[in-house]
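> structural data only, the sequence is not supplied:
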């Protein structure tokens, strides 16, 4: 039997008794095997429909592991160092063990959904599952753009729900007690004054240099972050353009910083050429940058000493924003101070601070209608 032309296709029975549908498009021949002739004809029709909708891709033996390796290599220079490490961890610990040797084109939405269920039963948390889904979805979206798969199977999977648990922050009275305990005799008091007073992220505070502070105007300029990547400190630009900002510090933060500048200057003079901190503000006695773990240990010790509930480092930033919103500062102003991409991000994170009584709105409506 002569082979039919491009796009026509044919159906034949194989020696094994199964039926095979095949069709050629653009120099590639596609095969589908089914148990009956009718099923094979329907499969042939589906192939033609997929081609017409530009959803048919050439057969590929690329595995999930191969695609993920190509994807990460292609994007490493575009991602922040911590992003690369985070992606590599998800790929290594979750994606490769279950799908690494699997052909990418065979991965289905049902496979993904079932594996999410298995991970949940194994105790993987909702937040981790949400991160896995986001990383997998992004990798598969790239495979679609590269023409390796016709569609993203993760699009058809309900992402695991991640429930944000709002930290229990201190009251105004408790915060005052904590602030009263701060001084500039050590680096950790300075770090807390920057994060609580300025609403800075930990990496932003660690990256500050003395030249970033104008004591006359009480303004600190956030221009870089300093974070740990693979046990080494890496400096870079903030994650979004909005994060590069100027923040006015309250009086208590400035007082701590002035005291710390004198203490650090004396230590630097004693250290001489052995000083390792350049002009960074938050430093250990020898000039090195403290780690996030060291900062957490100090905060635990300080809160215990003043008999306050435990908070994480990042909660000091949350506390700063919550206090501002509770005092009536507008959402856009707080958003700009925090360096959020837009006020919607701030509203989503601090919705609990915006839940005020709307009795004044009801009163205004009543007055308008004369009731």
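Here it is on my side, so go on. Only a predicted model underlies this, so the values are computations on that prediction, with no experimental measurement involved. Numbering: from 1, shown residues only.

> which residue is the nearest non-sequential neighbour of residue 223?
Computed as CB to CB, 6 or more residues apart in numbering, the closest residue to residue 223 that is not its neighbour in sequence is residue 244, at 5.9 Å. Where C-beta positions appear, they are placed from N, C-alpha and C, glycine not excepted.

> ok, that neighbour - contacts?
222-223, 237-238, 339 (CB atoms under 8 Å, 6 or more residues apart in numbering).

> show me which of those residues are buried.
Buried residues within the contacts of residue 244, defined by neighbour count using 16 or more other CB atoms under 10 Å: 222-223, 238, 339.

> now do the SS call for residue 65.
Assigned by DSSP: H, G, I helix; E, B strand; the rest coil, the conformation of residue 65 is helix.

> now do the contacts for it.
Applying CB under 8 Å, 6+ apart as the definition, the contact partners of residue 65 turn out to be 96, 99-101.

> just the pLDDT for it.
Here, the pLDDT recorded for residue 65 equals 97.

> in stretch 138-149, which residues are buried?
Burial within stretch 138-149, assessed by neighbour count using 16+ other CB under 10 Å, is assigned to 139-144, 148-149.

> export those to JSON lines and tack on pLDDT?
Formatted as JSON lines, these follow (pLDDT from 0 to 100):
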{"residue": "139", "pLDDT": "97"}
{"residue": "140", "pLDDT": "97"}
{"residue": "141", "pLDDT": "96"}
{"residue": "142", "pLDDT": "96"}
{"residue": "143", "pLDDT": "95"}
{"residue": "144", "pLDDT": "93"}
{"residue": "148", "pLDDT": "92"}
{"residue": "149", "pLDDT": "92"}
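
> what's the closest of these to residue 62?
residue 148 (5.9 Å; CB to CB).

> from residue 102, how far out is the closest one?
Remark: distance between residue 148 and residue 102 (CB to CB, to the nearest Å) = 13 Å.

> can you tell me the element residue 205 falls in?
Using DSSP states H and E, residue 205 sits within helix 202-207.

> I'd like to know which elements that helix is packed against.
Using 3 or more CB pairs under 8 Å, 6 or more residues apart in numbering; DSSP states H and E as the contact criterion, the secondary-structure elements in contact with helix 202-207 are helix 187-198, strand 225-229.

> stretch 319-335 spans what distance, first to last residue?
Start-to-end span of stretch 319-335 (CA to CA, to the nearest Å) is 14 Å.

> tell me the mean pLDDT for it?
The average of the pLDDT scores along stretch 319-335 is 90.

> could you list the low-pLDDT ranges of the stretch 1-150 of the chain?
Applying pLDDT under 70 to the predicted model, the residue ranges of the stretch 1-150 of the chain that meet it are 1-7.

> ranges for the strands of it?
Per DSSP state E, counting those that start in this stretch, the stretch 1-150 of the chain has strands spanning 10-13, 19-25, 28-34. These are given in chain order.

> next one: the stretch 201-350 of the chain
According to DSSP E, counting those that start in this stretch, the stretch 201-350 of the chain carries its strands in the segments 213-214, 219-222, 225-229, 232-236, 245-248.

> tell me which of those strands sits nearest to residue 275.
Taking CB to CB as the criterion, strand 232-236 is the member of the strands of the stretch 201-350 of the chain that comes nearest to residue 275, at 15.8 Å.

> ok, and what's touching the closest one?
For strand 232-236, using CB under 8 Å, 6+ apart, the contacting residues are 80-82, 207, 224-228, 289.

> closest to residue 333 among the residues you listed?
Proximity to residue 333 was ranked across the contacts of strand 232-236 by CB to CB; first place goes to residue 225, at 22.5 Å.

> on that earlier part again, in TSV: the strands of the stretch 201-350 of the chain, plus distance to residue 128.
Output for the strands of the stretch 201-350 of the chain, formatted as TSV (distance: least, CB to CB, whole Å):
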stretch	distance to residue 128
strand 213-214	38
strand 219-222	30
strand 225-229	20
strand 232-236	24
strand 245-248	31
